[in-house]
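J.: build me a structure from this.
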Amino acid sequence: MFVVHVHVKVKEDRVQDFIAATRENALSSIKENGNRRFDIIQSEEDKTQFILEEIYLSPADAAAHKDTQHYKKWKNLAESMMAEPRRSFRYRNIYPADEEWGK
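T.: I've put the predicted structure just below:
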């Protein structure tokens, strides 16, 4: 598995708009063949801080995600909602084993 964590800080007055746009993107993303999860996580301490956890079968599947219409729509909408540029961190899965992940 290929795991991506995207850290996003959203403008205070755009939090609900960001949640709505990101949820729409997540609902489409989980239908992609190479996607296994797309979680939207919000900080308890700072409601403007989010982590998007995306899990793909491979780096190629993560790259293909960026070519989808729903991602491009989300990117165009969400960038104006961000208080600072988003940061992405890439990881490899350790546990559970890749073959234990279901769709």
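
J.: what helix or strand is Lys9 located in?
T.: According to DSSP states H and E, Lys9 maps onto strand 2-9.

J.: give the next helix or strand downstream of that strand.
T.: helix 15-29.

J.: can you tell me what sits against the strand holding Lys9?
T.: Applying CB atoms under 8 Å, 6 or more residues apart in numbering, the contact partners of strand 2-9 are 18, 48-59, 61-62, 78, 82-84, 86-93. Every C-beta, even on glycine, is put in place using the N, C-alpha and C of the backbone.

J.: list only those of those flagged as buried.
T.: With neighbours counted by 16 or more other CB atoms under 10 Å, the contacts of strand 2-9 contain buried members at 18, 48-50, 52, 54-57, 61-62, 78, 82.

J.: ok, which pair from the residues you listed is furthest apart?
T.: For the buried ones among the contacts of strand 2-9, the maximum inter-member distance is 31.6 Å, found between Thr48 and Leu57 (CB to CB).

J.: coming back round to it: okay, now the sheet partners of the strand holding Lys9, with direction.
T.: strand 49-56 (antiparallel), strand 87-92 (antiparallel) (DSSP bridges).
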